[in-house]
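1. pasting a predicted model and its sequence here:
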Amino acid sequence: NGITKDIINKTKENIQKLKEEINNLTNLKSNVLSSDIATFSNVSSSKDLSNSSYFPNIRNQGSKGSCVYFSSIYYSYTYMANSMNKINSKILSNCYSPEWLYIQMRGDGALQTERQFDYLKHNGCVKWYECEYSGNVNSDKTINSVSEDAMMNAFTTKIDKWGTVINHFNTTPITSVNGNTELMALKNYLINGIPLHINVSFKFNEKIGSNNEIFAIREYRIPNKNTGHAMTVVGYDDNIWCDVNGNNKCDAGEKGAFKVANSHGTGFANNGYIWILYDALNGQSQISGNWEKDLEGERLPAFGDKVFYFTVRACKPTVVGKVEYKNVTFDNLGVSLYTSRNSAKLEQAKITPDLKEQNITSVVKLYDYTDDAKSYDRIIGGTRFYLNYFTQNSSSSKPFSNVKFTLVDNKFNQVSGYSSYITNTGTYNIYKNFVLGDINYDGNLKEDDVKEILNYALNITTDYSNLQAIMADYNHDGKINLDDVVAFRKVLQ
């Protein structure tokens, strides 16, 4: 057809080069999710998530070292979850509670962001009114302060994916509002409605900018006086600027800033927000003049070496582990969950944060197995559910002899009997054989089950659990109707 092999090969080479260019642009030497950030071609000159009704009001963390939980849970998680569910975050009761995860970790390792994201990925979070925040460090709640209903409801929204954008502003500094691919990546997350979580030293040199608001123009640290703080990036503006070097004109590097939410109340900076100049992210300022010569401390890149982000998803809890603890002591105690069928693990163990509460008389905890048992093919048949304890402190007391472990559904119908402890392994396990149509979980399909499924198909009964809805759907079409009833009756014949 007039097309030579050379032309074909040349075309293939060009396509491959184009793929490599696209890959270099989107990877950004980071963990950018390709599904979240497709291109940088539509990045606008400004974005402000805090203007949305889904972003909560600025609040004060008080004397408690809970900044990381305010940033990730109260600000970011509330915004992401409520924007997905179309819920107004300006109403406090609709917001998520930073107190809940603070009491899980007892404030330990507050800037270990990865640990809290893993917790939210598997457990979700309770609402503010279910675990009201107290800014007084001496008035902490304990892990038995939250109801079982609140914990179960937390499972309905979880972190889906989380990752980081790795900053290389030391080697590839920001020189203009559009001159750095990593800067563009940060903007693009915000464009796509994803707030950013940053850990900073919280020592800033400040100055008033062109919008008459306070700018952080430089972050620094003083030896032996380091501090740490977590904040939330909610927007950016390429058009505002700050006369950093004082020459009364807008020089390169003085234009563009990120809008950042803090947790020190509305009296901080600009009604609780501060603008951080793009140039402040650089390891070395790109602004002309020796303007830093008289400033104290060592300059730091304002966002550190990485910026965190996450997305959320809606969930329907099916099989949940209910654990009753009596007279136990927790100290650096971790919990992992997994399931198996035919001795093969369905998924790798999921780790909760270390439980730090001491000397608990009585408490109930819920652990969600839904990711391992979320569909028909993961549920029907014999499945073994494992609950494993491990410690990172040799002096820790393992609560093996004082634990009752059972399975429930999201309506708290009991799915199984209680587990016994496997000696010397730190593990409990429950084997459950799920039979299609067995909605009372007694191990057999019976006429009583079919009658109840009929009542549901006729809308006489409406309060099915998520697990019962799967069990009652004979043909797996996502609906419970008379076709399912007829099919189950044939099975009984």
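-> Perfect, I can see it now. Worth saying up front: this structure is predicted, and the values here are computed from it rather than measured.
2. once you drop chain neighbours, what's closest to residue 197?
-> Distances taken as CB to CB, 6 or more residues apart in numbering place residue 308 nearest to residue 197, at 4.1 Å, with adjacent residues excluded. Using the backbone N, CA and C atoms, a C-beta is placed for each residue, glycine as well.
3. and what of residue 81?
-> The nearest residue in space to residue 81 (CB to CB, 6+ apart) is residue 157, at 4.8 Å.
4. neighbours around the one you found, how many?
-> Other residues near residue 157 number 21, with proximity taken as other CB atoms under 10 Å.
5. ok, now the one 4 residues further on?
-> Here the number of neighbours of residue 161 (other CB under 10 Å) works out to 15.
6. assumed it was part of a strand.
-> Yes - in this structure, residue 161 lies within a strand as judged by DSSP: H, G, I helix; E, B strand; the rest coil.
7. so how far is residue 310 from it?
-> Here residue 161 is placed at a distance of 7 Å from residue 310 (CB to CB, to the nearest Å).
8. ok, residue 220 next?
-> As for residue 220, its distance to residue 310 is 29 Å (criterion: CB to CB).
9. before we move on, back to that, how about the contacts made by the residue nearest to residue 81?
-> The neighbours of residue 157, taking CB atoms under 8 Å, 6 or more residues apart in numbering as the test, are 81, 84, 85, 124, 125, 312, 313, 314, 315.
10. contacts only, for the first one.
-> Just to be clear, that refers to residue 81. For residue 81, the set of contacting residues under the criterion of CB under 8 Å, 6+ apart consists of 87, 96, 157, 312.
11. buried subset of those residues?
-> Neighbour counting by 16 or more other CB atoms under 10 Å classes 96, 157, 312 among the contacts of residue 81 as buried.
12. more neighbours, residue 220 and residue 310?
-> Under the neighbour definition other CB under 10 Å, residue 220 and residue 310 were set side by side, and residue 310 has more, 24 against 16.
13. now name the helix or strand holding the more buried one.
-> Taking DSSP states H and E as the criterion, the element that holds residue 310 is strand 306-314.
14. give the other helices and strands that the helix or strand just after that strand contacts.
-> Proceeding N to C from strand 306-314, the next assigned helix or strand is strand 320-328, under DSSP H and E. The criterion is 3 or more CB pairs under 8 Å, 6 or more residues apart in numbering; DSSP states H and E, and the helices and strands that strand 320-328 contacts are strand 360-368, strand 381-391, strand 403-408.
15. same thing but 6 Å
-> strand 360-368, strand 403-408 (3 or more CB pairs under 6 Å, 6 or more residues apart in numbering; DSSP states H and E).
16. low pLDDT regions in this protein?
-> When the per-residue scores of the chain are filtered using pLDDT under 70, the ranges that remain are 1-42, 106-111, 137-144, 225-226, 327-334, 341-361, 372-378, 390-402, 420-426.
17. what's the span of stretch 121-132 from first residue to last?
-> End-to-end distance for stretch 121-132, by CA to CA, to the nearest Å: 22 Å.
18. same question for stretch 160-177.
-> Its first and final residues considered, stretch 160-177 spans 31 Å by CA to CA.
19. go on, stretch 244-252?
-> Counting by CA to CA: the opening and closing residues of stretch 244-252 are 11 Å apart.
20. list the buried residues in it.
-> Buried residues in stretch 244-252, counted by 16+ other CB under 10 Å: 244, 245, 251.
21. from the chain's centre, how far out does stretch 49-66 sit?
-> The chain centroid and the centroid of stretch 49-66 are separated by 17 Å under CA atoms, centre = their mean, to the nearest Å.
22. contacts for it next, please.
-> Applying CB atoms under 6 Å, 6 or more residues apart in numbering, the contact partners of stretch 49-66 are 67, 70, 78-79, 82-83, 88-90, 95, 98, 102, 107, 110, 135, 137, 195, 234-235, 263-266, 272.
23. now the end-to-end length of it.
-> 22 Å.
24. ok, and for it, which residues are buried?
-> Judged by neighbour count (16+ other CB under 10 Å), stretch 49-66 contains these buried residues: 49-50, 54-56, 58-62, 64-66.
25. what about the helices in the stretch 1-150 of the chain?
-> Assigned by DSSP state H, counting those that start in this stretch, the helices in the stretch 1-150 of the chain fall at 5-27, 67-69, 78-85, 98-105, 113-123, 148-154.
26. measure the residue nearest to residue 81 to residue 321 for me?
-> Computed with CB to CB, the distance linking residue 157 and residue 321 is 19 Å.
27. wait, residue 48 sits on residue 235?
-> Yes - counting by CB atoms under 6 Å, residue 235 is a contact partner of residue 48 at 3.6 Å.
28. what about those two, which has more around it?
-> residue 235 (23 against 14).
29. could you verify that the more buried one is part of a strand?
-> Yes - secondary structure of residue 235 (three-state DSSP): part of a strand.
30. restrict stretch 483-493 to CA atoms and write it as PDB.
-> Below are the C-alpha coordinates for stretch 483-493, written out as PDB (Å, rounded to 0.1, in the frame of the first residue of the first chain):
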ATOM      1  CA  ASP A 483     -36.700 -14.800  40.700                       C
ATOM      2  CA  ASP A 484     -34.400 -15.400  43.700                       C
ATOM      3  CA  VAL A 485     -37.200 -16.800  45.800                       C
ATOM      4  CA  VAL A 486     -38.200 -19.300  43.000                       C
ATOM      5  CA  ALA A 487     -34.600 -20.400  42.600                       C
ATOM      6  CA  PHE A 488     -34.100 -21.000  46.400                       C
ATOM      7  CA  ARG A 489     -37.400 -23.000  46.500                       C
ATOM      8  CA  LYS A 490     -36.100 -25.300  43.800                       C
ATOM      9  CA  VAL A 491     -32.900 -25.900  45.800                       C
ATOM     10  CA  LEU A 492     -35.000 -27.000  48.800                       C
ATOM     11  CA  GLN A 493     -37.100 -29.400  46.700                       C
END
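31. circling back: check which helices and strands the strand holding residue 310 sits against.
-> Counting contacts by 3+ CB pairs under 6 Å, 6+ apart, strand 306-314 is packed against helix 78-85, strand 157-166, strand 196-200.
32. can you show me the CA trace of stretch 86-97 as PDB?
-> Coordinates of each C-alpha in stretch 86-97 appear next as PDB, following Å, rounded to 0.1, in the frame of the first residue of the first chain:
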ATOM      1  CA  LYS A  86     -22.300  15.800  48.900                       C
ATOM      2  CA  ILE A  87     -22.500  16.700  52.600                       C
ATOM      3  CA  ASN A  88     -22.000  20.200  54.000                       C
ATOM      4  CA  SER A  89     -18.800  20.400  56.000                       C
ATOM      5  CA  LYS A  90     -19.600  23.800  57.400                       C
ATOM      6  CA  ILE A  91     -21.800  22.000  59.900                       C
ATOM      7  CA  LEU A  92     -19.500  20.600  62.600                       C
ATOM      8  CA  SER A  93     -21.400  17.400  63.200                       C
ATOM      9  CA  ASN A  94     -20.800  16.400  59.500                       C
ATOM     10  CA  CYS A  95     -17.000  16.600  60.000                       C
ATOM     11  CA  TYR A  96     -14.600  13.800  60.900                       C
ATOM     12  CA  SER A  97     -13.000  13.700  64.300                       C
END
